[in-house]
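Visitor: Provided below are the primary sequence and the corresponding predicted coordinates.
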Amino acid sequence: MKIVRIDSNVDDITYGVVEPEGIRIYRGSPFVAWEPTETVVEWDKARLLAPVIPTKVIAVGKNYADHAAEMGGDVPKLPVLFMKPPTSVIGPLQPIRIPAQANEVHHEAELAVVIGNVTKNVGPEDMGKHILGYTAANDVTARDLQRADGQWTRAKGFDSFCPLGPAIETDLDPREGLSVVSRVNDEIRQSGTTADLVFGVDILVSFISTIMTLLPGDVILTGTPAGVGPIVPGDRVEVEIEGVGVLMNPVVKA
């Protein structure tokens, strides 16, 4: 199923499930207890929001060999982790805002994992018990600030630098090799597959859970394939994950 979070004229901000005729509103949340209602909101009366607001976003660097090479680095022996603040999260159609202090901002298309329950010290074989589903993400990065700082917090932490959406798909298996594509103004910039992840989702969930407790709604960004490049105000950026859909965001000046 495809789970969405919407703002509508029916129940304000709420969760729902995509159906042919629209979005069926659910009571509660998919992380605790929820149940369907009789209400179905038509698409033109619903505004898609980020499908989740996590307590934390844990991202993985250099998790595609071709991207590690284009950045002038080697494939790491263990996952390289960094974090993006919850305030960086935006939803579909919301603008990516280029800050004045950044002169080189890049897109990075990624498969995002949405955690479904409290997860601590789990083995790779238990991955399926702890994942609600998957969505698309754009790990927006101020590349010039990343180089200047020698670490990644400022470069990746600006408000609007973590678009997520459009939905959480619960019936996916990244081990099957899902396509990961980015487009800027309809031009394909990145085209990869999750079959090429250096560390698969099972390894990532297990590894991260030995470091920190993952809470329901937390998000793991699994890395980006080669082809990252600049975005500027006036651009339209799309991230498409096979089975999830297309996440589109305009780019504006902050």
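Guide: Received, thanks.
Visitor: And the strands in the stretch 1-150 of the chain, which stretches?
Guide: Remark: strands assigned in the stretch 1-150 of the chain by DSSP state E, counting those that start in this stretch are 2-8, 12-19, 22-28, 34-41, 46-48, 57-61, 80-84, 89-90, 96-98, 105-107, 109-115, 131-138, 141-142.
Visitor: What are the buried residues along the third one?
Guide: Going back to what we said before, that points to strand 22-28. 22-26 (16 or more other C-beta atoms under 10 Å). Where you see a C-beta, it was placed from the backbone N, CA and C, and this is true even at glycine.
Visitor: pLDDT value on Ile13, please?
Guide: Looking at Ile13, its pLDDT is 89.
Visitor: still on that earlier bit, with Asp186 as the reference, name the closest of the strands of the stretch 1-150 of the chain.
Guide: The closest of the strands of the stretch 1-150 of the chain to Asp186 is strand 105-107. By C-beta to C-beta, the value is 13.7 Å.
Visitor: What number of residues are in the vicinity of the closest residue to Pro216 other than its chain neighbours?
Guide: Spatially, and ignoring its direct neighbours in sequence, Pro216 is nearest to Phe31 (3.7 Å; C-beta to C-beta, 6 or more residues apart in numbering). Residues within reach of Phe31, counting by other C-beta atoms under 10 Å, total 17.
Visitor: got it, and Thr210?
Guide: 10.
Visitor: what does the one 4 residues further on give?
Guide: The local packing of Leu214 (other C-beta under 10 Å) involves 26 other residues.
Visitor: With adjacent residues omitted, what lies nearest to it?
Guide: That would be Thr119: by C-beta to C-beta, 6+ apart, it lies 4.0 Å from Leu214.
Visitor: count of residues packed around the closest residue to Leu132 other than its chain neighbours?
Guide: Leaving out its chain neighbours, the residue that sits closest to Leu132 by C-beta to C-beta, 6+ apart is Gly116, at 3.4 Å. When neighbours are counted by other C-beta under 10 Å, Gly116 registers 20.
Visitor: from what I can see Gly116 touches Tyr134, true?
Guide: No - counting by C-beta atoms under 8 Å, Tyr134 is not a contact partner of Gly116; they are 11.2 Å apart.
Visitor: what kind of secondary structure is Gln190 in?
Guide: Following DSSP: H, G, I helix; E, B strand; the rest coil, Gln190 is assigned to strand.
Visitor: Quick check: beta-bridge partners of it?
Guide: Counting by DSSP bridges, Gln190 is bridged to Ser182.
Visitor: can you tell me which residues contact it?
Guide: Going by C-beta atoms under 8 Å, 6 or more residues apart in numbering, Gln190 touches 107, 109, 180-182, 224-228.
Visitor: repeat that for 10 Å
Guide: By C-beta atoms under 10 Å, 6 or more residues apart in numbering, Gln190 lies in contact with 64, 66-67, 107-110, 180-184, 224-229, 239-240.
Visitor: buried subset of those?
Guide: 64, 67, 107-110, 180-184, 224-228, 239-240.
Visitor: what are the bridge partners for Thr141, then?
Guide: His106.
Visitor: As a check, name the ranges of all helices in the stretch 51-200 of the chain.
Guide: Assigned by DSSP state H, counting those that start in this stretch, the stretch 51-200 of the chain shows helices spanning 65-70, 143-149, 153-156.
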